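Novice: no FASTA, just this:
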């Protein structure tokens, strides 16, 4: 009662179905995942978010695999359970091996540690790092 | 007065100098950056942190370039000014181009956005994403 | 065993009951929610927190609805599951519609995205924005 | 050297100028602020971000004033210095008074406090708050 | 122009002066620090915050030194520059030595690292840790 | 399928068993907790993390009790559910009483609140707090 319920394809408006169809086609899946079903309560937001994600995550100067791993790194840093679960699967589909996942976690952990050491020691930015 | 001052090479103990020398040799730089000089107030912590960073950031299943970009992604998510400045330079030295940086920022921004949409909509984890 | 258990009204001290009664009266509910029952293990903290919340969330220059939506925005940014669930209900009781919730999430998502773009690009503060 | 430099109007491509012109027109300002000048190194990202911000921040079920205050709330929670400075000005232009700002800060502070109390006490979600 | 200016003692209302006097007396300082001068634009918020801080930071089951170190740990994790600077000084005044500071930073860094490893590996809570 | 599964002692390599044995011996437990079983998919990372944790959490200038409470403070600030659950138990084993826990939570909550007030009011660092 308190929260918008996810929208299933059968109950979706034509506007929402068009986005769902595009997601299914591009990702080659039979159904969109829950994230999109919840967003569908806001058709304009659904469309805007999907268009942006599609553009940002496409292969470019960085590969889809690297982009998915960066997504995992951010989600882990933010402790977003849903995002960690879904993008870890996404990264695996894009080719992330167990060894790559282990190294990714090691870098994310280390970066979170040294971020705090730099802040806590109030380290001044070196001249050569200034923008 | 309130904070430990950075330790310069000339004033460093043999234990600290050994770490500084290793950093300078491995990174081929004339002096270590401020982060290490501040940490040097705690020689055991300096050594432990450097040994870990060296192991974690070495080429493995992921390239040093990908690792540096993940470091930037975490530092940006944490708003750590020093870390963003130093690791952006590190990533550039490892080969990050302007186009790669722009795409990296786009993914980091998008991930931070959708992380909140997933949390705010209280999206349930799909069966296929469960660990 | 590891954690303080929530305190039910029947088992509460007079000091705790006085706070519970005030919450029930002001919010017109039959029982306080779990947050207050856990805090009740620390009667002084319970009283201090409730007095502060009551003062801060009262109608003033901002309406209770706006205040509840800001609460949701902060809780989403912090990924606090309990807080998102309880304050989303609170905001709805204060008048938040589905359309308002959708726009709130869109702003929260967008702000989290552009926050990271501003940090990652190391954007300097414009003269006209300086305090 | 390490970071992309901001792009001034005089040096901008037609694609970037079109976005800058739209920002200046819509906001009725003589020049865009630094955020957009930095993003302009990535013309596609500049356009995508501006189109999204324009759509998300437009008057709708929530007023531009409420949206700007939510933006400030998120930026404060994320400790994003640039974002706090620029959106506080934005909120003031949209009508935020000193009294409203003070109450906004009080709510943001309180929410950040109780978010941690809820997490630290490991409070279970009440039945009536379940989605 | 955009931000409330700090309130100096000479310009303060009797209500604000009463709080300033209490801070100066309790902390044995000649002037309050900037944090309180900014908050003073909101006299009710100033008073509420000071009363809460005074109560929370008083010696109790935990010593003022431990409390100040916990304050630093939180401020470092949140990247709050002002808070790190001021509470590091506060902790030193309460007795924190260089060795204690170094160990505090090491724990804060390690906790931030393992927090992410636990989240990223999606570790299930062990039975014996359940509340 | 999507995530590395935890490694049980019976299935562990000699390298992993050596770490597990060291943890069990030092902590005097019959089995290691899930965190270590998940990390064990990455034997080098398991060993590095354990060696660091052992060194950082040992009694020194700060007691193990203070260190565990700082660990809880960081985990609460990061909303890391697993870490809050496990380190709260760890702190209790090290001697944290109900009264100490209540005061710890009060300080963590207050620090998170005032961190945001300091950021939101854009408070300038006082001369006496400068590093």
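Specialist: Perfect, thanks for sending it. Given the structure is predicted, the values throughout are model-derived calculations rather than measurements.
Novice: run a quick neighbour tally on residue A:109.
Specialist: The number of residues packed around residue A:109, counting by other Cβ atoms under 10 Å in any protein chain shown, is 29. For every residue, glycine as well, the C-beta is placed using N, CA and C.
Novice: OK, contacts around it?
Specialist: E:113-114, E:116-117, E:120, F:49 (Cβ atoms under 8 Å, 6 or more residues apart in numbering or on different chains).
Novice: if you set the cut-off to 7 Å instead, what comes out?
Specialist: By Cβ atoms under 7 Å, 6 or more residues apart in numbering or on different chains, residue A:109 lies in contact with E:113, E:116-117.
Novice: make a markdown table from those residues and add pLDDT, distance to chain B and secondary structure to it.
Specialist: Formatted as a markdown table, the contacts of residue A:109 follow (pLDDT from 0 to 100; distance: Cβ to the nearest Cβ, whole Å; DSSP: H, G, I helix; E, B strand; the rest coil):
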| residue | pLDDT | distance to chain B | secondary structure |
| --- | --- | --- | --- |
| E:113 | 98 | 9 | helix |
| E:116 | 98 | 8 | helix |
| E:117 | 97 | 12 | helix |
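Novice: format those residues as a markdown table; extra columns: distance to chain A and neighbour count.
Specialist: Formatted as a markdown table, the contacts of residue A:109 follow (distance: Cβ to the nearest Cβ, whole Å; neighbours: other Cβ atoms under 10 Å in any protein chain shown):
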| residue | distance to chain A | neighbour count |
| --- | --- | --- |
| E:113 | 4 | 25 |
| E:116 | 5 | 26 |
| E:117 | 5 | 25 |
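Novice: switch the residues you listed over to CSV; also include distance to residue E:42.
Specialist: Shown next, in CSV, are the contacts of residue A:109 (distance: Cβ to Cβ, whole Å):
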residue, distance to residue E:42
E:113, 38
E:116, 36
E:117, 41
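Novice: skip the chain neighbours and tell me the closest residue to residue A:50.
Specialist: residue A:19 (5.3 Å; Cβ to Cβ, 6 or more residues apart in numbering or on different chains).
Novice: how many residues are close by that neighbour?
Specialist: Going by other Cβ under 10 Å, the residues that sit close to residue A:19 add up to 21.
Novice: relative to residue B:122, how far out is it?
Specialist: Distance of residue A:19 to residue B:122, given as Cβ to Cβ, to the nearest Å: 21 Å.
Novice: ok, back up a step: secondary structure element for the residue nearest to residue A:50?
Specialist: helix A:14-27 (DSSP states H and E).
Novice: and the next helix-or-strand element following that helix, how far out from the chain middle?
Specialist: Under the assignment DSSP H and E, the closest C-terminal helix or strand after helix A:14-27 is helix A:34-39. Its chain's C-alpha centre and that of helix A:34-39 lie 13 Å apart, by Cα atoms, centre = their mean, to the nearest Å.
Novice: got a list of contacts for helix A:34-39?
Specialist: Residues outside helix A:34-39 that contact it (Cβ under 7 Å, 6+ apart) are A:4, A:6-8, A:20, A:23, A:45-46, A:49, A:86, B:117-118, B:121, B:123-124, B:126.
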